[in-house]
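Participant: sequence plus the predicted model coming up.
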Amino acid sequence: MALNLESLSEATSGAVGALVSTTILYPLDTCKSKYQAEVRAHHQQKYRNILDVLWEAISTRQILSLYQGLGTKNVQSFISQFLYFYGYSFLKRLYLEKSGSKSIGMKANLIIAAAAGACTVVVVHPLDTASSKMQTSDFGKSKGLRNILSEGSWDEAYDGLGISLLLTANPSIQYTVFDQLKQRMLKGKMRKKRDSESSPESLSALSAFVLGAVSKCIATCVTYPAIRCKVTIQSAESEDDVKNEAQLKARKTISGALYTIWKREGLFGFFKGLQAQILKTVLSSALHLMVKEKISKATWVVLLAIRRYLLITRTKTRLKSS
């Protein structure tokens, strides 16, 4: 029970942290996604940077459109982070118990994080595709989640699944770096705890923010070309230059996305929007992990109280029935 309780605590605090960070930074995420989705020759590009996207929203009086798809994104973020952190925490503790180790190594950490990420991606990918289409559609013309899912097939809902599975390396790298740095930072505080119900050590808000920023920056730089391809694949049908269905299908493959970016923008096209991606994801991840670390103990206490209440209620029921 203790194993499941700690995993549930990690999952809940991680999901709430994701909800907060996603909501606060959503306009920046929309600007970034629209900028990344544009794949055209340099002289034809509508946006030079994400500020051009912001100015378009302001000049056309579509500021609220920067929030198009927020509800879908929040649902996707909450579910994905809950599943990811539950799986990640569960598998990590299971590994430590089975191996008898006191700490988890870099290699094992990466494998566990990748496994948790892959399972999560398969479940929430339709929501991810829908939110991407909402964000990259023209301001004021975004369709609702129901319309997007009903108009397309299941194949379309899973556009870019292959590259999304590849991108599980991103959170794997991020949380592995974060955990390794966290272990070193908390090494002096850690004591051997025999009481299974004692809450785990947590970082200060500032330390969690800094480590979250550093770990996400490293993961983003390593995996960015794949991130750009994913946005290109998921938003392909919103591009004006996609003239027929065959061309659209080609754009929705990894090889097609790579070829399109290479042909129109060259090598540096694979890193178009990197600065915006780093700004958004580093702030989001740092805020996410800061919130998660600060509420993890409170979440643990609440779940522990619920468990004790259920045990007491169950015991009273048994006594009455006997």
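Facilitator: On my side now, so go ahead.

Participant: host element of Ser142?
Facilitator: In the assignment (DSSP states H and E), Ser142 maps to no helix and no strand.

Participant: how far away is it from Ser131?
Facilitator: Ser142 sits 10 Å away from Ser131, going by Cβ to Cβ, to the nearest Å. Every residue, glycine included, has its C-beta placed from N, CA and C.

Participant: show me where this protein has its strands.
Facilitator: Using DSSP state E, the chain contains no strands.

Participant: OK, contacts around Thr12?
Facilitator: Thr12 makes contact with Phe82, Thr299, Leu303 under the criterion Cβ atoms under 8 Å, 6 or more residues apart in numbering.

Participant: what does the pLDDT read for the nearest residue to the first one once chain neighbours are set aside?
Facilitator: Pointing back at Phe82 there. Computed as Cβ to Cβ, 6 or more residues apart in numbering, the closest residue to Phe82 that is not its neighbour in sequence is Ala15, at 3.9 Å. Here the pLDDT value assigned to Ala15 is 82.

Participant: against Val291, how distant is Ala15?
Facilitator: Taking Cβ to Cβ as the measure, Ala15 falls 10 Å from Val291.

Participant: filter the contacts of Thr12 down to the ones in helices?
Facilitator: Phe82, Thr299, Leu303 (DSSP state H).

Participant: quick one: pLDDT of the second one?
Facilitator: With respect to pLDDT, Thr299 scores 75.

Participant: and if you look at the last one?
Facilitator: In this prediction, Leu303 carries a pLDDT score of 75.

Participant: kindly report the same for the first one.
Facilitator: With respect to pLDDT, Phe82 scores 85.

Participant: what residues are up against it?
Facilitator: So Phe82 contacts Ala11, Thr12, Gly14, Ala15 (Cβ under 8 Å, 6+ apart).

Participant: before we move on, back to that, now render the contacts of Thr12 as TSV, adding distance to Ile163.
Facilitator: What follows is those, written out as TSV (distance: Cβ to Cβ, whole Å):
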residue	distance to Ile163
Phe82	23
Thr299	33
Leu303	36
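
Participant: show me what contacts the residue nearest to Phe82?
Facilitator: Ser77, Phe78, Ile79, Gln81, Phe82, Phe85.

Participant: the last one reaches Glu10, doesn't it?
Facilitator: Yes - taking Cβ atoms under 8 Å as the definition, Phe85 is a contact partner of Glu10 at 4.7 Å.

Participant: show me the shaky parts of this structure.
Facilitator: Applying pLDDT under 70 to the chain flags residues 1-6, 41-43, 149, 152-153, 188-202, 236-251, 322.

Participant: which one of the contacts of Thr12 sits closest to Leu310?
Facilitator: Among the contacts of Thr12, Leu303 lies closest to Leu310 (Cβ to Cβ), at 10.6 Å.
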